[in-house]
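Undergrad: give me a 3D structure for the following:
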Amino acid sequence: MQSNFKNPKKAAADPQETAIAVLGWLANEPDMFGRFLALTGVEPAQVRDAINEPAFLAGMLDFLMNHEPTLLAFCQASGIAPESVAAASAHFSPPGLSSGEY
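TA: Reported below is the predicted structural model:
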């Protein structure tokens, strides 16, 4: 996986900025982006509108979080810590039973 992101490690980032960084990274990884689109059923032309939907961002972050090698590849390429991705995922995901907010 190749990427143009080569930043030093960043502290906790804004969830929106993290999500945008993930989308940018995925867009530069054609095989990974194709897999993500296939799993979600989102068409490439729909991505521009979908990025305004918290559910889309949650799904995109979950896609990364559910495969550790992909998460670590993103973190290495972007300089964003895995904890920031986890925080962004929690921010955009609806509360679940484990959150105590049901």
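
Undergrad: how distant is the strand or helix carrying residue 49 from the center of its chain?
TA: According to DSSP states H and E, residue 49 maps onto helix 47-50. Between the centre of helix 47-50 and the centre of its chain there are 14 Å (C-alpha atoms, centre = their mean, to the nearest Å).

Undergrad: any idea which helix or strand comes after that helix?
TA: helix 54-65.

Undergrad: contact partners of that following helix?
TA: With contact meaning C-beta atoms under 8 Å, 6 or more residues apart in numbering, helix 54-65 is reached by 18-19, 22-23, 26, 36, 39-40, 42, 50-51, 70-71, 74, 85-86, 88-89, 92-94. (C-beta placed from N, C-alpha, C; glycine too.)

Undergrad: got a list of what residue 27 touches?
TA: residue 33.

Undergrad: pLDDT score for residue 6?
TA: If you check residue 6, the pLDDT there is 46.

Undergrad: and the most centrally placed residue in the chain, how far is that from residue 81?
TA: The residue lying closest to the centre of the chain (C-alpha atoms, centre = their mean) is residue 61, at 3.3 Å. Residue 61 sits 14 Å away from residue 81, going by C-beta to C-beta, to the nearest Å.

Undergrad: in the protein, which spans are helices?
TA: Ranges of helices in the chain, per DSSP state H, are 15-27, 30-40, 47-50, 54-65, 68-78, 82-92.

Undergrad: make TSV from those and add mean pLDDT to it.
TA: Putting those into TSV (pLDDT from 0 to 100) gives the following:
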stretch	mean pLDDT
helix 15-27	95
helix 30-40	93
helix 47-50	91
helix 54-65	94
helix 68-78	96
helix 82-92	95
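
Undergrad: can I get the CA coordinates of the helix holding residue 49 in PDB?
TA: The C-alpha trace of helix 47-50 is given here as PDB (Å, rounded to 0.1, in the frame of the first residue of the first chain):
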ATOM      1  CA  VAL A  47     -19.100   9.500  -1.800                       C
ATOM      2  CA  ARG A  48     -19.100  13.300  -2.100                       C
ATOM      3  CA  ASP A  49     -22.600  13.400  -0.600                       C
ATOM      4  CA  ALA A  50     -22.100  10.500   1.800                       C
END
